[in-house]
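*Asks:* attaching a predicted model along with its sequence, questions to come.
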Amino acid sequence: MNYFIDEDNEKLRLDVFLVELLPEFSRSKIQTLIKEGKILVNNIISKPSYILRFGDILSFDEFSIKDSIIPQAENITLDIIWEDENMLVLNKPSGMLTHPTAQEISGTLVNALLYKYKENLSDIGGDFRRGIVHRLDRNTSGLIMVAKNNETHEFLVQEMREKRFSKKYLAIVKGNVIQDEFEINLPIGRHLTQPHKQCVRDDGKESLTLVKVLERYEDATLLELSLITGRTHQIRVHMASIGHPVFNDTLYGFGKMKIKTEEQVLQSYKLEFTRPFTEERISLEIPPDSKIKKVIQALKQLP
């Protein structure tokens, strides 16, 4: 198994990262396996204290892969928006994990991709992330790119690294956002006491979100958000940090409201990128999803 280190995981200690990736192993066991050369970094034996860098590739011997946790192909319908011989863009529904985890290996986007494309998916990110170039949270719907081969995967990663890749979201947030357009430039890192969360912190990674108001309602605002960087939970953390959490985002402090939906009302609705190995620019847009429509309709009916 190979695992590609992206921007979310760089600067972490190797052993700390692996404890999160492979929770069935203790930290002491992970450290022993690293020292024994059963986990390699860029095909080289490293130290448990090695600090991960963007682009590192971790290689695992079969000790870490059990038959029961190898992702299996599943016949799950895919909503494909655009496709060529090297890649595709699809509309991921809310409620679906992008890729399996050690705890949840069924019903994810990767399971669906394996059924339709079999081995014709990039494997730079390892078996658990076949084809996946970038992620969306489970309850965030919308456009996501998939690479059919490693060359395309590397091309698209380079697009993102050089900021030639544009990704825009729709979100409904709590409260009336006063400014029509502004940016949030606050560093984001892991929460110190709740590792499943992110937070604004001085020693975090540079994080920049552009915000544009589309419509205002009673104690709520519809926004278009452009990600200049791509940190885990970036929009959710940034909006919560300025007192406007994403609608129904209970992880980041939205609280309770009468309009019931699944978690965060957030959708990746626009993508623009260069078609791999050409100079053609591809621009894609999908309409607001059912959650956004439901909440807007309810907000307009509030007294």
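*Replies:* Looks like it came in fine.
*Asks:* next one: S106 from M96, what distance?
*Replies:* Computed as C-beta to C-beta, to the nearest Å, the S106 to M96 distance reads 11 Å. Where you see a C-beta, it was placed from the backbone N, CA and C, and this is true even at glycine.
*Asks:* between these two, who's got more neighbours?
*Replies:* M96 (17 against 11; other C-beta atoms under 10 Å).
*Asks:* my guess is the more buried one contacts L109. True?
*Replies:* Yes: at 5.9 Å, M96 counts as touching L109 under the criterion of C-beta atoms under 8 Å.
*Asks:* where does pLDDT dip in the protein?
*Replies:* 1, 23-24, 61-69, 102-103, 258, 303 (pLDDT under 70).
*Asks:* ok, now with 50
*Replies:* Within the chain, the stretches with pLDDT under 50 are 62-68.
*Asks:* can you show me the helices along it?
*Replies:* 14-21, 27-35, 109-117, 150-161, 234-241, 290-301 (DSSP state H).
*Asks:* ok, which of the ones you listed comes nearest K174?
*Replies:* Minimum separation from K174 across those (C-beta to C-beta) falls at helix 234-241, 8.6 Å.
*Asks:* do you know how far S106 is from Y3?
*Replies:* Using C-beta to C-beta, S106 is found at 20 Å from Y3.
*Asks:* residue ranges of each domain in this protein, please.
*Replies:* Following automatic domain parsing, the chain resolves into domains at 2-65, 69-161, 166-301.
*Asks:* distance from the chain centre to the last one, please.
*Replies:* Taking the mean C-alpha point of domain 166-301 and that of its whole chain, the gap between them comes to 13 Å (C-alpha atoms, centre = their mean, to the nearest Å).
*Asks:* again with the second one
*Replies:* Taking C-alpha atoms, centre = their mean, one finds the center of domain 69-161 at 11 Å from the center of the full chain.
*Asks:* most neighbours per residue, which of the helices of the chain?
*Replies:* Most buried of the helices of the chain, by mean neighbour count (mean count of other C-beta atoms under 10 Å): helix 234-241, with a mean of 24.
*Asks:* what packs against that one?
*Replies:* strand 166-174, strand 181-185, strand 188-190, strand 198-200, strand 208-217, strand 220-227 (3 or more C-beta pairs under 8 Å, 6 or more residues apart in numbering; DSSP states H and E).
*Asks:* angle of it against strand 166-174?
*Replies:* 30 degrees (axes from the mean of the first three to the mean of the last three C-alpha atoms, to 10 degrees).
*Asks:* just the CA trace of helix 234-241, in PDB.
*Replies:* Listed next in PDB are the C-alpha coordinates belonging to helix 234-241 (Å, rounded to 0.1, in the frame of the first residue of the first chain):
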ATOM      1  CA  GLN A 234     -11.300  25.400   5.900                       C
ATOM      2  CA  ILE A 235     -14.600  27.100   5.100                       C
ATOM      3  CA  ARG A 236     -16.300  25.700   8.200                       C
ATOM      4  CA  VAL A 237     -13.400  26.800  10.500                       C
ATOM      5  CA  HIS A 238     -13.100  30.300   8.900                       C
ATOM      6  CA  MET A 239     -16.800  31.100   9.000                       C
ATOM      7  CA  ALA A 240     -17.100  29.900  12.600                       C
ATOM      8  CA  SER A 241     -14.100  32.000  13.600                       C
END
